[in-house]
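[1] sequence first, predicted model second:
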Amino acid sequence: MNVFSVRTIRFHQMTWLITAAIALCTAFAGSAQSNNDAKGDPDVLVLSNGDTLHGKFVKVIDGKVTFHTDAFGDMTLGWDKIKELHTSEKYAVLSNQEKAPSKKVAQHLPTGAVAVENQAITLQTESGTTAPPIPVKQAQYIMDAATLDKQINHEPGFLSAWEGAATAGATIVTATQKQYTFSSAVGLVRNVPTASWLRPRNRSSIDFIGSYGKITQPSYTIPGPPAVFVPSVTTKSAIYHADAERDQYFSPQLFMLVQTAFDHNYSQDLDLQQIYGGGLGWTAIKSPKQHLDLKATVQYEKQKFITVSGSGMNLIGSTFSATYVLQSRLLTYTQGLAYIPAYNNRRAYSANETNTLVFPMFKNLGFSVGTMDSYLNDPPTSLPPTKRNSFQFTMGFTYAIKSKY
């Protein structure tokens, strides 16, 4: 083969490689362009000082605007810090002049691109019409169309959308006496829909609180003729409470509920108290900072005591309760009150009160203090005498739980 033929072959090989490289680069460029087109144009936020940010408008909750940029992450601003806002995706606006919409009403909320100018919000719908401007001070919630659809037309899975906290504490003493006490609590609640700007459809809650402890006085011998042996003495404490509830809403305030509750209190000689019932509830106060529920039920109740043989007492009664929650930047306060009468045995009534203060520390971690005061009117006669009232004070660390939806 002559030199000219070799050069010709090499030229054709180089031409093929260059052509393949150009085709490959064109394909990557087309893919990148396609991805950019799929993402759409970035949203534009103009601050009151004239700075312009490009990124993604996320939402508005209670008048607080969340905007995401690659450089600064999620930013939360008040409307007074914003001069202009323009979005490419569709959103729905809910004014504070309107009540929280039901599922049926929310399905017909107009959606469109958002434009904010001169402290007013306009919505450009798909039909090309422009909704009447809404003053930014009245725009309490703004959510994207995908989130709105998810909240209206879908239900979270069994393990999704739960919020609450888990608390644990312990005391260990080794001295003349040996003492240890362990306490724990878990409280979870799930609201459907999870968005507070929509009318609630249902709510589920699960709670557990308990403490267990022992104080041991070791055995010893009193010297002298004759020597006297004193056996060890152990004092036990055990208090447990667990409950579950399901609420179904008829209106933003009125709901029907079914519940179950279980109590054990060693110091009150109570082996197990079981409650199964249902009734009605009323949300008397609902705001971003405060929440108050009032409830009344009719129920079957069974009490079984440790020192009394038999299957226990079967009771028909009610639970009248109130649950109050106060939230602020510095703490969360929760109080629960309940009065439980029995209609077929007037002596067999009980009452309880719980108070919990949680102070945030770092991210999901907080410090909590709490009390649990319970009264049981009909403990059996025993020696030593059983007190009707039981009071418990706890301290511990709390971890906030929030599953995604």
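    Happy to help now that I have it.

[2] doesn't residue 333 make contact with residue 326?
    Yes: the pair residue 326 / residue 333 is scored as a contact, 4.4 Å apart, by CB atoms under 8 Å. In short, each C-beta sits where N, CA and C put it, glycine included.

[3] please enumerate the shared neighbours of the two.
    Residues touching both residue 326 and residue 333 (CB atoms under 8 Å, 6 or more residues apart in numbering): there are none.

[4] any regions of the stretch 151-300 of the chain where pLDDT drops low?
    Of all residues in the stretch 151-300 of the chain, none has pLDDT under 70.

[5] and the strands in the stretch 101-250 of the chain?
    112-117, 120-125, 134-135, 139-144, 163-174, 178-192, 202-217, 220-222, 228-230, 233-249 (DSSP state E, counting those that start in this stretch).

[6] before we move on, what about the stretch 301-405 of the chain?
    For the stretch 301-405 of the chain, applying DSSP E, counting those that start in this stretch gives strands covering 313-327, 332-340, 350-362, 365-376, 389-402.

[7] quickly list what residue 322 is bridged to.
    Listed beta-bridge partners, residue 322: residue 294, residue 337 (assigned using DSSP bridges).

[8] for the residue sitting nearest the centre point of the chain, which non-adjacent residue is spatially closest?
    The residue lying closest to the centre of the chain (CA atoms, centre = their mean) is residue 163, at 2.0 Å. Nearest residue to residue 163, sequence neighbours excluded (CB to CB, 6 or more residues apart in numbering): residue 402, at 5.0 Å.

[9] can you pull the contacts of the one you found?
    Residue 402 makes contacts with 162-163, 364, as judged by CB under 8 Å, 6+ apart.

[10] could you single out the nearest of those to residue 228?
    Nearest to residue 228 among the contacts of residue 402 is residue 364, at 55.7 Å by CB to CB.

[11] quick check, that closest one in contact with residue 397.
    No: the pair residue 364 and residue 397 does not pass the contact test of CB under 8 Å, sitting 10.7 Å apart.

[12] from memory residue 136 sits against residue 115, does it?
    No: with contacts counted by CB under 8 Å, residue 136 stays clear of residue 115, the gap being 11.7 Å.

[13] identify the contacts common to these two.
    Residues touching both residue 136 and residue 115 comprise residue 121, with contact defined as CB under 8 Å, 6+ apart.

[14] and those two? which has more neighbours close in?
    Neighbour comparison, residue 136 and residue 115: the larger count goes to residue 136, with 20 against 17 (by other CB atoms under 10 Å).

[15] out of the strands of the stretch 101-250 of the chain, which one sits most buried?
    strand 139-144 (a mean of 21; mean count of other CB atoms under 10 Å).

[16] look up how far residue 233 lies from the residue nearest to residue 163.
    Between residue 402 and residue 233 the computed distance is 46 Å (CB to CB, to the nearest Å).
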